[in-house]
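A.B. asks: Please find the sequence and the predicted model below.
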Amino acid sequence: MGNHNSLETYVSLTVQLYHDIAQCYPVTRESRFDLRTLRKRIDREGISFLTKGLPSLCKAIDFALHSEMPLRIRGFRKKPGTSIPLFLGWLIERLFTTDGNVKENLDITALRHLRQFLYFSYKLSLPYDTKTEESVIESFIQTELELHNMEFSDSVVPVIQKARLFISRLFDGFCPRDIIPRHGPGSVSTGEESGEKSNFSRIYSSAEVVFPFTEYFMLGLNQVADQYDWIQGLEVLPHGIAKVILVPKDSRGPRLISCEPLELQWLQQGIRRALYPWIERHPLTAGHVSFTDQTVNRRLALMSSRTRKYVTLDMKDASDRVSLELVERLFSGTTLLDALKASRSSYTRLPDGRVVHLSKCSPMGSAVCFPIEALCFYALAVAVIYTKYEEQSSLRPSNWLRESWWAKAHDSVFVYGDDIIVRSEDYAPILQFFPLVGLKFNEGKCCMGGFFRESCGCDAYKGVEVTPIRLRTQWNHRGIRDARELVSWVELSNSLHKAGYSLVASAIQAMVERRYGVLPYKREPSRNIAEWDSGKLTIRPLHSKEEKWSSSGLIGWIREDVIESRINKERGIRARLNPDTQVLEYRSWTVRPVLKRYVVDGWRECLRSLTSGSKRSDTGVYALPRRICLRRGWATA
């Protein structure tokens, strides 16, 4: 980020955001001091002051809010004799007393404004250096060593036995062989591109025992007979080797992802497709373990920020710390365990070429990582709470009492991936037990006291959401038009304007239109969906995955205070009435997938179409993953 113009863009937007906030309060002299300090710190520290310095201040504020500890600020001068920093002190003192304690009736609007300003650039994706890469890889290796050397003490056995009993009940009747495999969107360690993923060329001995090649990778006996010689010539390998890659995450550095071998990814996706509905609909886990709907955890976090009925727990390196040994102990006796072991990679290759034996069960990048980690966390938490009830009881429990304890323990825990919510009276033994089996908490982000809660992207205080809107995508100063850049920055402007930050939203709008031309205004997409259920019309909120499909393909500005048709006409946006749908359309930028044509085999293309549910007639044409382009076209507002 040595480009001065690039840095100045982010500084300018940060200043505009500051003015948006400051105009809501009677400050003058303090504003001049803050802006002067902001400029000085950026001149000295560069963009890291926006991406690291300001967020560190906000993390200290968040910690004080949910830990019930006094405010402790580092890296900022304080007002004499107080715990309040000079920078933004006029806003922070609306939240804390001079000695750093949380005010009983703090100004929640000020808290929302403060978190918005301090966290604005925290998620900005920036280039990272070799030293940062090495640090991430070294952390990965260190975690592997910890899992490899970890021994389960006798003290954990009772809880693990109860968790295993729970998982055995859950998967009673589940058949992991009854799956429909499919190709995933991610890259594979064996190097095949999107249109080549049906070209299976390896048989893994470890997978063959549970998932025979001729049954799970071919359409049937006709294909087997037709391509018998090809099958005989396939390479046979004892196990799969994944590949570790680093992908951009945010200002803190890259994220480490595992690319699975093609044939194992095919099986993993099939297992995941079977696990999601089974777990989400089963009476033991329905409404408590979710994979497709974050609203349960978000609603609980919002409610508990007012009632403090539940606490939110944040896991550290969650997917990397679920060991194979832990999964073997928890899933022992279930048919699922053999399927998980058969479809996992035993080794992974690091970016420097080293091959490491994996002690974790399923790294991030494996399709089964998300459901298995969530289930491990839930089963262990429920078992820990059940054990607590058992230890507290002076009676010999009857079968009825045992079932009552199980029911209470089930109702106490909610899990979405590595986001865990548990009743306030039950979290302490969970914090003590999880590290004994290799699972760690990020205690600085676990919200267990005060009125601040955070889960699944919802930050809340006393029943009010205070989640900041974050700048994520870099602005390219080479003047290149990029589809992801345009979509990201338009969405950022729309979100900021809706939240009341009109100055910075307008600044982004002007910046975007200087590069991409005038964009149309459009209506805000609906957040609800109408459904017929038993002959009755019901309205429900859209799930998070449905929202992205609810709007049109038109890229444009959403402003509730304008009439779209009138202002678009004034701005010279071309419009037409679609003769087929009788809906008004505008001509502007639209986003299209990047397509590539491959030479495909008929059998394999048929297998791909049947397993994915694709009804396309353009055989051999594939959309490249994570690749989109801009096209001028007509779209509805």
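C.D. replies: Yes, it's here.
A.B. asks: can we go C-alpha only for contacts and neighbour counts from here?
C.D. replies: Will do.
A.B. asks: all helices of the stretch 251-400 of the chain, in order?
C.D. replies: With DSSP state H, counting those that start in this stretch as the criterion, the stretch 251-400 of the chain has helices at 262-281, 295-307, 324-331, 335-343, 369-392, 399-412.
A.B. asks: any idea how far the very next helix or strand once past the last one is from the chain center?
C.D. replies: Following helix 399-412 in sequence order, the next helix or strand is strand 413-416 (DSSP states H and E). Per Cα atoms, centre = their mean, to the nearest Å, the displacement of strand 413-416 from the mean C-alpha position of its chain is 15 Å.
A.B. asks: Does anything pack onto strand 413-416? Which helices or strands?
C.D. replies: Other helices and strands packing on strand 413-416, by 3 or more Cα pairs under 8 Å, 6 or more residues apart in numbering; DSSP states H and E, are strand 289-290, helix 295-307, helix 369-392, strand 419-423.
A.B. asks: Figure out which of those is closest to Leu336.
C.D. replies: With Cα to Cα as the measure, helix 369-392 is the member of the helices and strands packed on strand 413-416 nearest Leu336 (10.6 Å).
A.B. asks: Buried ones in that closest one, by neighbour count?
C.D. replies: Neighbour counts over helix 369-392 (16 or more other Cα atoms under 10 Å) mark 369-390 as buried.
A.B. asks: And for stretch 29-45?
C.D. replies: In stretch 29-45, counting by 16+ other Cα under 10 Å, buried: Glu30, Ser31, Asp34, Leu35, Leu38, Arg41, Ile42.
A.B. asks: Which residues does that stretch contact?
C.D. replies: Outside stretch 29-45, the residues within contact range by Cα atoms under 8 Å, 6 or more residues apart in numbering are Val15, Ala22, Ser48, Phe49, Leu50, Phe87, Leu88, Trp90.
A.B. asks: among those, which are in helices?
C.D. replies: Judged by DSSP state H, helices contain the following of the contacts of stretch 29-45: Val15, Ala22, Ser48, Trp90.
A.B. asks: Now flag whichever of the residues you listed is closest to Leu221.
C.D. replies: Of the ones in helices among the contacts of stretch 29-45, the one sitting nearest to Leu221 (Cα to Cα) turns out to be Ser48, at 60.7 Å.
A.B. asks: what about the residue lying closest to His288 once chain neighbours are set aside, how many neighbours?
C.D. replies: Distances taken as Cα to Cα, 6 or more residues apart in numbering put Phe414 closest to His288, at 4.5 Å, once the chain neighbours are dropped. If you count neighbours by other Cα atoms under 10 Å, Phe414 ends up with 28.
A.B. asks: got the contact list for Phe414?
C.D. replies: Contacts of Phe414 (Cα under 8 Å, 6+ apart): Gly287, His288, Val289, Asn297, Tyr378, Ile420, Ile421, Val422.
A.B. asks: which ones are touching the last one?
C.D. replies: Each residue near Val422 by Cα under 8 Å, 6+ apart is listed here: Tyr310, Val311, Thr312, Leu313, Ser412, Val413, Phe414.
A.B. asks: Relative to Gly463, how far out is Ser412?
C.D. replies: 20 Å (Cα to Cα, to the nearest Å).
A.B. asks: my bad, Ser155
C.D. replies: Distance from Ser155 to Gly463, by Cα to Cα: 39 Å.
A.B. asks: just Leu607 next, same as before
C.D. replies: Taking Cα to Cα, one finds Leu607 at 50 Å from Gly463.
A.B. asks: Between the two, tell me which one has more neighbours.
C.D. replies: Neighbour comparison, Leu607 and Gly463: the larger count goes to Gly463, with 20 against 17 (by other Cα under 10 Å).
A.B. asks: And for the nearest residue to that one once chain neighbours are set aside, the neighbour number?
C.D. replies: Computed as Cα to Cα, 6+ apart, the closest residue to Gly463 that is not its neighbour in sequence is Arg306, at 4.7 Å. Counted by other Cα under 10 Å, the residues lying close to Arg306 total 18.
A.B. asks: Can you give me every residue that contacts Arg306?
C.D. replies: Phe451, Tyr461, Lys462, Gly463.
A.B. asks: what about Thr473, which helix or strand?
C.D. replies: In the assignment (DSSP H and E), Thr473 maps to no helix and no strand.
A.B. asks: So it sits against Ser121, correct?
C.D. replies: No - when contacts are counted by Cα atoms under 8 Å, Thr473 is not listed as touching Ser121 (9.7 Å).
A.B. asks: OK, contacts around the residue nearest the centre of the chain?
C.D. replies: When Cα atoms, centre = their mean is applied to the chain, the residue found nearest the centroid is Cys456 (7.8 Å). By Cα under 8 Å, 6+ apart, Cys456 lies in contact with Gln294, Asn297, Arg298, Tyr416, Asp419.
A.B. asks: Just name the closest of these to Pro181, please.
C.D. replies: Nearest to Pro181 out of the contacts of Cys456 is Tyr416 (Cα to Cα; 23.7 Å).
A.B. asks: need the contact list for that closest one.
C.D. replies: Neighbour list for Tyr416: Val289, Ser290, Phe291, Gln294, Asn297, Ala374, Cys456 [criterion: Cα under 8 Å, 6+ apart].
A.B. asks: for Thr335, same thing?
C.D. replies: Neighbours of Thr335 in contact, by Cα under 8 Å, 6+ apart: Phe174, Cys175, Pro176.
A.B. asks: cool, Ala507 as well?
C.D. replies: Counting by Cα under 8 Å, 6+ apart, Ala507 has contacts Leu13, Gln16.
A.B. asks: Roughly how far does it sit from Gln16?
C.D. replies: The value you get for Ala507 to Gln16, if Cα to Cα is used, is 8 Å.
A.B. asks: Equivalent analysis for Lys131, please.
C.D. replies: On the measure of Cα to Cα, Lys131 and Gln16 end up 34 Å apart.
A.B. asks: Just confirm Leu324 contacts Cys369, I think it does.
C.D. replies: No - counting by Cα under 8 Å, Cys369 is not a contact partner of Leu324; they are 11.6 Å apart.
A.B. asks: shared neighbours, the two?
C.D. replies: Shared contacts of Leu324 and Cys369, counting by Cα under 8 Å, 6+ apart, come down to Cys361, Ser362.
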